[in-house]
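>>> Fold the following, please.
(one chain, ligands or ions: 2)
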Amino acid sequence: MARGSVQIVVERCKACGFCVEFCPTKVLELSSAFNSKGYHPPHAVNPDKCSGCDLCGMYCPDFAIYGFRVKDTKAAAAGAEASAEPEETSDAS
Ligand code: SF4
Ligand code: SF4
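Ligands and ions are numbered 1, 2, ... in the order given. Take a look at the predicted model:
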């Protein structure tokens, strides 16, 4: 179950591959599709492994990708107020 999600702004990508290289859980691969500039943007091949750490976003020189944490939607549905996880854990080193 994914604890995070990743969004890719395909048209900004220049296919440097940093996000693919630095993702700790190997969520990403460069796709075979082209964007309008002729680059191959990444896509999530293992979205379930995304932790939302946003390392991809930190390394991307073009602000074309970002990761974010998501709350457990089942827990949220079961009891929104009970599933309080109000943190911005930025243990970024
Ligand atoms: S780091 Fe950014 S520019 Fe480089 S491949 Fe990933 S999304 Fe594209
Ligand atoms: S947010 Fe983290 S785990 Fe998810 S794709 Fe980006 S680097 Fe990988």
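>>> what pLDDT does the closest residue to Ser51 other than its chain neighbours get?
Once flanking residues are discounted, Ser51 sits nearest to Gly4: 4.7 Å by Cβ to Cβ, 6 or more residues apart in numbering. Where C-beta positions appear, they are placed from N, C-alpha and C, glycine not excepted. In this model, Gly4 is scored at 97, pLDDT.
>>> so Gly4 bridges to which residues?
Beta-bridge pairing for Gly4 (DSSP bridges): Arg69.
>>> Wait, it touches Tyr66, no?
No: applying Cβ atoms under 8 Å as the test, Gly4 and Tyr66 come out as separate, 10.4 Å apart.
>>> just to revisit the earlier point, what's the burial count for the residue nearest to Ser51?
By other Cβ atoms under 10 Å, the residues close to Gly4 number 17.
>>> Likewise for the one 4 residues further on?
Other residues near Ile8 come to 20 when the count uses other Cβ under 10 Å.
>>> ok now do it, which residues does it touch?
41-44, 64-65 (Cβ atoms under 8 Å, 6 or more residues apart in numbering).
>>> And Val70, by the same measure?
2-5, 52.
>>> Model confidence for the closest residue to Val10 other than its chain neighbours, exactly?
Leaving aside its sequence neighbours, Val10 sits nearest to Pro41 (Cβ to Cβ, 6+ apart; 4.5 Å). Pro41 is assigned 98 on the pLDDT scale.
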